[in-house]
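**Student:** Below are the sequence and a predicted model for it; my questions follow.
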Amino acid sequence: MSRLFVAIGCFALLFSSLVVVPAPVAMGQEKEQAIKIRWFGQSFFQIESAEGRKIAIDPHAIPAFGRQSTTAEFILISHSHDDHALIDMVEKEKKEDQFKEGDILRGVVEPKPGKQEWKTIDEKRGSIRVRTVATYHDTMNGMQRGKNSIWVIEMNGLVICHLGDLGHELSPEQVKAIGKVDVLMVPVGGIYTINGEQAQNVMKQLKPRLYTLPMHYGIVGYDELAGPEEFLDGIKKEDIKKFPETNEIVIPVNLKLDSPQIAILNWRKEEPKKEEPKKPDPKKPDPKKK
C-alpha cells in the first residue's frame, strides 16, 4: 500500500511540473488598459474607453480641418452653434445603425427660437458617466453669445473635462461642481471664447492631473482665431508635449506624471509616406539585360 502512495505522489509531482501557466499571468504582463483621445480640429474630439466604447464631442465640418467624420456610440454637444453641433459628421460603428434621439446629448437646448436653456444631464451608460456644468459663451451672462455647457466624463477611473465654448473664467461654485480633473480640453483662441491668458488661468483653477489639450484655435488656413502661442507663453518647455504627426493621444488608466503636461495634437493623423522604388544605378549593369 505504501508503494502505491509513493507512486501516486510521484505521478502528481510529474503532472504538476507539466502544467504551464499562461505567460501574461505568470510574468505579470497583463495588457495595460488605456483610453484614447483623438482631435479633429476646433472642439471636435472622439474619446475611446479601454473597452473600445467611443464618444464624440462637438462635431463640425469646417473645410480647413478637412471635413473629417468619425464613429461613436453617442454624441455630446456643448451648445447649438454649427461648428459644435454637426451630428452628420458622426456615424455609428455599424453604418446601417442610426442614432436615436437619446444618443445625442445636448447641454444647451432651444425650446423655441431665440430662447436657450441649460439641460442638466447626469447619467451613466454602463461604466461611463457623463454630466454637465452650466456656463456662458461670453462674459455678459450669455447676452452676447448665449449659454454653454461643460462636459465632465468619467471612464476607467479617469475624469475628462471638455469646456466647450467657455467664454469666461470659472466661479468657485463651477470649479467645485466640475471636481477633480485628469484631462482637460480648453479653448484658447479667443474672440469667441476665452483667450490664451484666460485659458491658463482656467487651467490653474481646475489643476488637471495629467494633460491639458488646447482646442478651438487657429491653424494655417484657418486664421479666424488666434493660435495657441499665447496659451503656451511662459509654460516650461519640458511640460509641453507635441504630437506633430498624429491627432491621437493614448493615456494609460494608471498613468502617473511628475508634472502635468500640455499636449499639442495635430488635427489629423498623417498617413505613412510610401517609399518610392529605387532607381537603378546607371553605372551598374542591369542583370535582366544579360
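**Tutor:** Great, that's in hand. Numbering: from 1, shown residues only.
**Student:** Where does the spatially most central residue of the chain sit, in terms of helix or strand?
**Tutor:** The residue lying closest to the centre of the chain (Cα atoms, centre = their mean) is residue 37, at 2.8 Å. In this assignment (DSSP states H and E), residue 37 forms part of strand 34-39.
**Student:** Check the offset of that strand from the chain's centre.
**Tutor:** 4 Å (Cα atoms, centre = their mean, to the nearest Å).
**Student:** So which elements touch it?
**Tutor:** Contacts defined by 3 or more Cβ pairs under 8 Å, 6 or more residues apart in numbering; DSSP states H and E place strand 34-39 against strand 45-48, strand 158-162, strand 211-215, strand 248-252. For the C-beta atoms, the positions are set from N, CA and C on the backbone; glycine is no exception.
**Student:** Which secondary structure elements does the first one sit against?
**Tutor:** Meaning strand 45-48. When contacts are defined as 3+ Cβ pairs under 8 Å, 6+ apart, strand 45-48 packs onto strand 34-39, strand 54-57.
**Student:** 10 Å - rerun?
**Tutor:** Helices and strands touching strand 45-48, by 3 or more Cβ pairs under 10 Å, 6 or more residues apart in numbering; DSSP states H and E, are strand 34-39, strand 54-57, strand 70-71, strand 147-155, strand 158-162, strand 183-187, strand 248-252.
**Student:** The fifth one to strand 211-215, inter-axis angle?
**Tutor:** This points to strand 158-162. Taking axes from the mean of the first three to the mean of the last three Cα atoms, to 10 degrees, one finds strand 158-162 and strand 211-215 inclined to each other by 20 degrees.
**Student:** Need the residues that contact the next helix or strand after strand 158-162.
**Tutor:** Next along the chain after strand 158-162, taking DSSP H and E as the criterion, comes helix 172-178. Outside helix 172-178, the residues that touch it by Cβ atoms under 10 Å, 6 or more residues apart in numbering are 131-135, 150-152, 159, 161, 163, 166, 168-171, 181, 184, 202, 205-207.
**Student:** JSON lines please, covering the helices and strands packed on strand 45-48 and showing distance to residue 124.
**Tutor:** Below are the helices and strands packed on strand 45-48 laid out as JSON lines (distance: least, Cβ to Cβ, whole Å):
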{"stretch": "strand 34-39", "distance to residue 124": "17"}
{"stretch": "strand 54-57", "distance to residue 124": "13"}
{"stretch": "strand 70-71", "distance to residue 124": "21"}
{"stretch": "strand 147-155", "distance to residue 124": "9"}
{"stretch": "strand 158-162", "distance to residue 124": "14"}
{"stretch": "strand 183-187", "distance to residue 124": "19"}
{"stretch": "strand 248-252", "distance to residue 124": "21"}
